[in-house]
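[1] the following block contains a protein sequence and its predicted model.
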Amino acid sequence: MATFPDIEPSFSVKKQSEPITRTVVFGDGYEHRLGFGIPTHLNPRQYNLTWQNITEDQADTIEYFLNERALDKASFDYAPPKENFTKTGTYAQSSTTITITMTDHRLFAGDSLVVDFTSGTSADGTYIVSSINNANTFVLTAANADADGQNGNVSITKTGSSKFICPKWSKTIDLPTLASIDATFIEKFEP
């Protein structure tokens, strides 16, 4: 899987969401909305990105990368700006249930996290959020109960990295040595 070159876009970045839902309208006007698909894949993100006044070499690198993805029809890994974060909190493990308390965690069930248990013997690694209790507490499921009864401090990192395609982009040569690229990245849910 290809990873987009490490060239930061300019601000402002426009993020759009269009949740995938189906609506059933009954004769009496009652509506019922259903999420369509796997719960973690119901809200694909779309980003309108601009790299403004970058060097001609950087613009060529981006354009070459996007041309290659157009030819091989493959998605690529990309972490949009401001979508990554690291937070700290506390945890308690009972059997395989790990409850993490963290002020305003901003997570959803199904989010993937890198977890570092800074104290205790719970296993560091990548976990999927099992459920959300409230804005300050969420639950993970451990592979085994070896650390049953453990508690302590924890650090989590959520990456906004996902798979994207770029159906269109344009390049403007602003000056002989500087260029700008405008591109649309659409999130795709693939294995």
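    Yes, it's here. Numbers count the residues shown, from 1 in each chain.
[2] only C-alpha atoms for contact and neighbour calcs from this point on.
    OK.
[3] contacts made by stretch 167-187 with the rest, please.
    44-56, 59, 70, 162-166 (C-alpha atoms under 8 Å, 6 or more residues apart in numbering).
[4] list buried residues within the residues you listed.
    By neighbour count, with 16 or more other C-alpha atoms under 10 Å, the contacts of stretch 167-187 hold 44-56, 59, 162-166 as buried.
[5] helices - which of those residues land there?
    Of those, the ones assigned to helices by DSSP state H are 56, 59.
[6] can you mark which positions in stretch 65-82 are buried?
    Within stretch 65-82, the residues that count as buried by 16+ other C-alpha under 10 Å are 65, 66, 69, 75, 76, 77, 78, 79, 80.
[7] the third one - nearest residue in space that isn't next to it in sequence?
    Read that as residue 69. residue 75 (6.8 Å; C-alpha to C-alpha, 6 or more residues apart in numbering).
[8] for that neighbour, report the pLDDT, please.
    Listed pLDDT for residue 75 reads 92.
[9] which phi and psi values does the most centrally placed residue in the chain adopt?
    Here the mean C-alpha position of the chain is nearest to the C-alpha of residue 160 (C-alpha atoms, centre = their mean), at a distance of 2.7 Å. Main-chain dihedrals, residue 160, degrees, to the nearest 10: phi -90, psi 10.
[10] how much space between it and residue 31?
    Distance from residue 160 to residue 31, counting by C-alpha to C-alpha, to the nearest Å: 33 Å.
[11] might you report the residue contacts of the residue lying closest to residue 143 once chain neighbours are set aside?
    Nearest residue to residue 143 in three dimensions, chain neighbours excluded: residue 96, at 6.6 Å (C-alpha to C-alpha, 6+ apart). When contacts are counted by C-alpha under 8 Å, 6+ apart, residue 96 touches 141, 142, 143, 144, 145, 148.
[12] low-confidence stretches in this structure?
    For the chain, the stretches flagged by pLDDT under 70 are 1, 19-21, 34-43, 120-121, 146-148, 191.
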